[in-house]
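# Here is the input, now give the coordinates:
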Amino acid sequence: MIKPRLYDEKSAATYLSLSRAYLTHARSKGKSASGASAPSFIKIGGSIRYPIEELDKFIDSFPLLDNLSFKSDKID
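The predicted model follows:
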């Protein structure tokens with residue numbers, strides 16, 4: 001099976017396990033409501049497309065966590 005190079009908004013949201021609304025907001029503001037950078041996209045005619053490489057970079061931009069405990073840099 002051939003893996004597509006470009007994803008439309010619905011497919012990109014599914015690939016990222018995010019909502020289409022998240023991508024729409026992030027694209028229009030340049031970042032998500034939480035402040036995370038938006039994945040890069042291209043516009044072909046009136047269509048928005050997300051290159052797979054950019055979606056993978058977006059995923060890789062988040063740190064891997066091993067737990068949800070808060071760690072402070074502050075030394076007491």
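# Tell me where this protein has strands.
6-7, 42-44, 47-51 (DSSP state E).
# what's the distance between stretch 29-37 and the middle of its chain?
For stretch 29-37, the gap between its own C-alpha mean and the chain's C-alpha mean amounts to 9 Å (C-alpha atoms, centre = their mean, to the nearest Å).
# Need the residues that contact that stretch.
Contacts with stretch 29-37, where a contact means C-beta atoms under 8 Å, 6 or more residues apart in numbering, come from 22, 25-26, 38, 58, 61-62. The C-beta positions use only the backbone N, C-alpha and C, and glycine is treated the same way.
# Return the set of buried residues in it.
Neighbour-count burial for stretch 29-37, counted by 16 or more other C-beta atoms under 10 Å, picks out residue 32.
# May I have the distance across it, first residue to last?
9 Å (C-alpha to C-alpha, to the nearest Å).
# quick one: average confidence on that stretch?
The pLDDT scores in stretch 29-37 average 78.
# Could you do stretch 50-63 as well?
For stretch 50-63, mean pLDDT is 92.
# Buried residues, it. List them.
50-51, 54-55, 58.
# Roughly how far does the residue nearest to residue 12 when sequence neighbours are not counted sit from residue 9?
Residue nearest to residue 12 in three dimensions, not counting chain neighbours: residue 50, with 4.1 Å by C-beta to C-beta, 6 or more residues apart in numbering. To residue 9, residue 50 is 7 Å away according to C-beta to C-beta, to the nearest Å.
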